[in-house]
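Enquirer: Turn this into a structure:
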Amino acid sequence: MKWEREFVDMTGYRTQVLRLEQSELAVLQKVLLPHLKKTRAKYEKYRAIHDSGEATEKEDDMFFEAMDELSVLESFCKQ
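Expert: Down below sits the predicted model:
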């Protein structure tokens, strides 16, 4: 695992990228799976409240926060 700088053609900016070996990725995915399951359950809970139309502002915030977190975790664990 190491950080590398990568040039982005369209913008001309450099960005940092974390390079992982396949074995490192497998270990990280295994560690993140329980968190992914909890986040998915949290998302479903707040989605049901949001969809019912009776969500408070805080519950809506929790719904969108869980949606963002779930998106990141799912995309990472699919790699």
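
Enquirer: residues of the longest helix seen in the chain that come out buried?
Expert: Counting residues, the longest helix found in the chain (DSSP state H) is helix 22-52. By 16 or more other CB atoms under 10 Å, the buried positions in helix 22-52 come out as 36, 39, 42, 43, 46, 49, 50. Quick note: C-beta positions are derived from backbone N, CA and C, even for glycine.

Enquirer: for the following helix or strand past that helix, packing partners?
Expert: Using DSSP states H and E, the helix or strand that follows helix 22-52 towards the C-terminus is helix 57-78. Applying 3 or more CB pairs under 8 Å, 6 or more residues apart in numbering; DSSP states H and E, we find helix 57-78 packed against helix 22-52.

Enquirer: Can you pull out the low-pLDDT segments for this protein?
Expert: For the chain, the stretches with pLDDT under 70 are 79.

Enquirer: And the residue nearest the centre of it?
Expert: Closest residue to the average C-alpha location of the chain: residue 72 at 1.7 Å, with CA atoms, centre = their mean.

Enquirer: Can you give me the distance of that one to residue 66?
Expert: Using CB to CB, to the nearest Å, we find residue 72 at a distance of 11 Å from residue 66.

Enquirer: mind checking how far residue 5 is from residue 75?
Expert: Between residue 5 and residue 75 the distance is 22 Å, computed by CB to CB.

Enquirer: Next: residue 36.
Expert: Noted for residue 36: a distance of 11 Å to residue 75, by CB to CB.

Enquirer: if we can go back for a sec, and of the buried residues of helix 22-52, the nearest to residue 29?
Expert: Distance to residue 29 across these (CB to CB) is lowest for residue 36, with 8.9 Å.

Enquirer: so the closest one makes contact with residue 74?
Expert: Yes: in this structure, residue 36 is within contact of residue 74 by CB atoms under 8 Å, at 6.9 Å.

Enquirer: on that earlier part again, and the longest helix of the chain with helix 57-78, angle?
Expert: Here the directions of helix 22-52 and helix 57-78 differ by 150 degrees (axes from the mean of the first three to the mean of the last three CA atoms, to 10 degrees).

Enquirer: Good, we can wrap up now.
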